[in-house]
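**Student:** quick one, what's the 3D model for this:
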Amino acid sequence: MVSINTEKINKKDFIEINFTGRVKNGEVFDSTLKDDLKKINPNFPEERIKPFVFCLGEGMFLDAIDEFLSGKETGKYDVELSPEKAFGKRNPQLIKIIPLKIFREKNTNPYPGMVFNFDGNLGKIISVSGGRVITDFNNPLAGKDVVYEIIVNRKIDDINEKIKSLMNFFFRREFDFDLTETEKKLTIKTDKTFKNFVELFKKKFEDILGLKIEVIEEILEAKKDN
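**Tutor:** Okay, here's the model as predicted:
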């Protein structure tokens, strides 16, 4: 008889998934799969195409996805989300009129469809008329029903994989590090740059991993950006 692993995944578990997110009856907006990513960006670097590893219930994915996957087993799932559960309803108050001179001061000529970064807030230009630029600061997916096709590949127990997934999520790059794990403590030996990053997020890392963390500075070569 073949033994089948039916272990459930729960909040605080690290899992590896592949997924594709689509607007209901519409286009792909996010994916970890090559064919779907190429629909978004034909020039997406192939070396960056890989499964997504994250900690369930820690705000690393949509809350509704975390809730849906909690208690599930490895396998394939389709999840349909309303705007309230996905990227929110459209908010008319997030449509702003911005003086054209603001763009001129930045040597920029706004046009409909252009996406502009306003002090960390992305806004899409709706129209340009006279000295007024109407800009929409809603999430592009706000007000839309979305569907996620998710394949839960596996649950992850290896501490190195967990740390790497947190590094990729918070810092968008990898660093060399050495780990020493005891029953209640994790010692990370790394270079000065990553040490400073980890110190900033240490409390969050400790909450997610359930371990006390000590960071020790050593001279290590940083890896190239992903």
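**Student:** contacting residues for V146?
**Tutor:** By Cβ atoms under 8 Å, 6 or more residues apart in numbering, the contact set of V146 is G21, R22, V23, K24, F29, E80, L81, A86, F87. All C-beta spots, glycine's among them, are computed from the backbone N, C-alpha and C.
**Student:** bridged to I15, which residues?
**Tutor:** Applying DSSP bridges to I15 gives these bridge partners: F54, K155.
**Student:** tell me how many other residues crowd it.
**Tutor:** As a burial measure, I15 scores 22 neighbours (other Cβ atoms under 10 Å).
**Student:** could you report the separation of it from N153?
**Tutor:** Distance of I15 to N153, computed by Cβ to Cβ, to the nearest Å: 8 Å.
**Student:** one more: M167?
**Tutor:** For M167 relative to N153 (Cβ to Cβ), the value is 20 Å.
**Student:** and the two? Which one has more around it.
**Tutor:** Neighbours were tallied for M167 and for N153 using other Cβ under 10 Å; the higher tally belongs to M167 (22 against 14).
**Student:** could I get the phi/psi values of the more buried one?
**Tutor:** Dihedral pair for M167: phi -60, psi -50, per degrees, to the nearest 10.
**Student:** what pLDDT does it get?
**Tutor:** Confidence at M167, expressed as pLDDT, is 81.
**Student:** kindly report the same for N25.
**Tutor:** For N25, pLDDT reads 88.
**Student:** assign a three-state SS to it, would you?
**Tutor:** Following DSSP: H, G, I helix; E, B strand; the rest coil, we place N25 in the coil state.
**Student:** roughly how far apart are it and R172?
**Tutor:** N25 is 32 Å from R172, where distance means Cβ to Cβ.
**Student:** and for F61?
**Tutor:** Distance, F61 to R172, using Cβ to Cβ: 16 Å.
**Student:** more neighbours: which of the two?
**Tutor:** Set F61 next to R172 and count neighbours by other Cβ under 10 Å: F61 wins out with 20 against 9.
**Student:** where do the domain boundaries of this structure fall?
**Tutor:** 1-88+143-156, 92-136, 158-226 (automatic domain parsing).
**Student:** just the CA coordinates of stretch 27-46, formatted as PDB?
**Tutor:** Only the C-alpha atoms of stretch 27-46 are listed here, as PDB (Å, rounded to 0.1, in the frame of the first residue of the first chain):
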ATOM      1  CA  GLU A  27      -6.100  39.100 -18.000                       C
ATOM      2  CA  VAL A  28      -3.400  37.600 -15.900                       C
ATOM      3  CA  PHE A  29      -1.900  40.200 -13.400                       C
ATOM      4  CA  ASP A  30       0.500  38.000 -11.400                       C
ATOM      5  CA  SER A  31       2.100  34.600 -11.600                       C
ATOM      6  CA  THR A  32       5.000  32.300 -10.700                       C
ATOM      7  CA  LEU A  33       4.600  30.300 -13.900                       C
ATOM      8  CA  LYS A  34       6.600  31.000 -17.100                       C
ATOM      9  CA  ASP A  35       3.800  30.900 -19.700                       C
ATOM     10  CA  ASP A  36       1.600  33.200 -17.600                       C
ATOM     11  CA  LEU A  37       4.400  35.600 -16.700                       C
ATOM     12  CA  LYS A  38       5.200  36.000 -20.300                       C
ATOM     13  CA  LYS A  39       1.700  37.200 -20.900                       C
ATOM     14  CA  ILE A  40       2.300  40.100 -18.500                       C
ATOM     15  CA  ASN A  41       5.900  40.800 -19.600                       C
ATOM     16  CA  PRO A  42       7.400  38.900 -22.500                       C
ATOM     17  CA  ASN A  43      10.900  40.100 -21.400                       C
ATOM     18  CA  PHE A  44      10.500  38.900 -17.800                       C
ATOM     19  CA  PRO A  45      14.000  37.400 -16.800                       C
ATOM     20  CA  GLU A  46      13.700  33.600 -16.700                       C
END
